[in-house]
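> using only what follows, build the 3D model:
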Amino acid sequence: MLKLNCDLGESYSLYRLGNDQAVMPLIDQANIACGFHAGDPSVLHQTLKLAIAHQVDIGAHPSYDDKPGFGRRSVSMSSEELRDLIWYQIAAVDGVARTLGGRVCYVKPHGALYNDMMRSPQLLQTVMQAVAAYHSQPALMLLSDANRALHQQRADQLGLTLYFEAFADRRYQVDGSLTPRSQPGAVLTEAQALAQVRLLLTQGLLEASDGSKIALQADSLCVHGDTPSALAMLQQIRQSLGSD
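Modelled structure (predicted):
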């Protein structure tokens, strides 16, 4: 059964982003900001309480240290620095979650870190090793692409569970990668996103930017919480997927 996931907990201080209270009952997995691209301690606490109340799987959503850029700018760092950055962020979410009676089930990198690891085998290996070495052994969520079998093989060597995801609200390139947000049309409209989801659910296909079709297998489907009309989109997708 295809799960539904969303990026949440991204408000901080006086800034409000998304509609976490309305979204949480609609999803199966919550990718919760760890404070480095968005979120703060109080928002983290409230978001985790919501996830636990609605029995939603908790995911840590680590990023580069880039709050001004919402984690969407690449940062050059050593493998050791990146490992420590990931551990620090997982631990923040997991520590509060366990205090509230929950736990981190998986890790989904955010923004530029996610895109960079999908382009760089070396960076992906560092992320895999970091998540695999975390003491509670959470799963890692990453993009379902043409290299799925290779990613699975590398994860198996580390004893790491993978969740492969597709995106409802992002346009795909011919090679199965996501169209960069800097390009026009990279984020789909509500109607386009719903059409993309229907194609995926009925035929296991996605339409690339040139109109060609890509075969894709996924465990989870993502809608970004900061996408316009995200709530309406999630409501309709939830109906398509069923309540469980």
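> who are the contact partners of the closest residue to Pro62 other than its chain neighbours?
Excluding its sequence neighbours, the residue lying closest to Pro62 (Cβ to Cβ, 6 or more residues apart in numbering) is Gln89, at 3.7 Å. Every residue, glycine included, has its C-beta placed from N, CA and C. Taking Cβ atoms under 8 Å, 6 or more residues apart in numbering, we find Gln89 in contact with Cys34, Gly35, Phe36, Ala60, Pro62, Ser63.
> out of these, who's the most crowded?
Within the contacts of Gln89, most neighbours by other Cβ atoms under 10 Å means Pro62, with 32 neighbours.
> just confirm it contacts Leu113, I think it does.
Yes: the criterion here is Cβ atoms under 8 Å, and Pro62 meets it with Leu113 at 7.0 Å.
> residues of the lowest-mean-pLDDT helix or strand in the chain that come out buried?
Within the chain, no helix or strand scores below helix 230-241, which has a mean of 89 by mean pLDDT, DSSP states H and E. Neighbour counts over helix 230-241 (16 or more other Cβ atoms under 10 Å) mark Ala230, Leu231, Met233, Leu234, Gln236, Ile237, Arg238, Leu241 as buried.
> in which helix or strand does Gln183 reside?
Gln183 is part of no helix or strand, with elements assigned from DSSP states H and E.
> before we move on, what about the one 10 residues further on?
In this assignment (DSSP H and E), Ala193 forms part of helix 190-203.
> so what strands line up beside the very next helix or strand once past that helix?
Beyond helix 190-203 on the C-terminal side, the first helix or strand identified by DSSP H and E is strand 205-207. Neighbouring strands of strand 205-207 in its sheet, by DSSP bridges, are strand 213-215 (antiparallel).
> other SSEs contacting the next helix or strand after the strand it pairs with?
Scanning forward in sequence from strand 213-215 by DSSP H and E, the next helix or strand is strand 220-223. Under the contact criterion of 3 or more Cβ pairs under 8 Å, 6 or more residues apart in numbering; DSSP states H and E, strand 220-223 touches strand 3-8, strand 162-167, helix 190-203, helix 230-241.
> and for the spatially most central residue of the chain, nearest residue in space, chain neighbours not counted?
For the chain, the residue sitting closest to the mean C-alpha position, by Cα atoms, centre = their mean, is Lys108 at 4.7 Å. The spatial neighbour of Lys108 that comes closest, neighbours along the chain excluded (Cβ to Cβ, 6+ apart), is Met141 at 3.9 Å.
> is it correct that the one you found falls within a helix?
No: per DSSP: H, G, I helix; E, B strand; the rest coil, Met141 lies outside any helix segment and is strand.
> need the longest helix for this protein.
helix 79-99 (DSSP state H).
> how far does that one sit from the chain's center?
Chain-centre distance of helix 79-99: 16 Å, with Cα atoms, centre = their mean, to the nearest Å.
> how about it as CSV, C-alpha atoms only?
The C-alpha trace of helix 79-99 is given here as CSV (Å, rounded to 0.1, in the frame of the first residue of the first chain):
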residue,chain,number,x,y,z
SER,A,79,32.0,13.2,5.3
GLU,A,80,32.7,13.4,9.0
GLU,A,81,31.0,16.8,9.3
LEU,A,82,28.0,15.7,7.4
ARG,A,83,27.7,12.5,9.5
ASP,A,84,27.8,14.6,12.7
LEU,A,85,25.3,17.1,11.3
ILE,A,86,22.8,14.2,10.5
TRP,A,87,23.3,12.5,13.8
TYR,A,88,22.7,15.8,15.7
GLN,A,89,19.5,16.5,13.9
ILE,A,90,18.1,12.9,14.2
ALA,A,91,18.9,13.0,17.9
ALA,A,92,17.0,16.2,18.4
VAL,A,93,13.8,14.8,16.9
ASP,A,94,14.2,11.3,18.4
GLY,A,95,15.0,12.7,21.9
VAL,A,96,11.9,14.8,22.1
ALA,A,97,9.8,12.1,20.4
ARG,A,98,10.9,9.5,22.9
THR,A,99,10.1,11.9,25.8
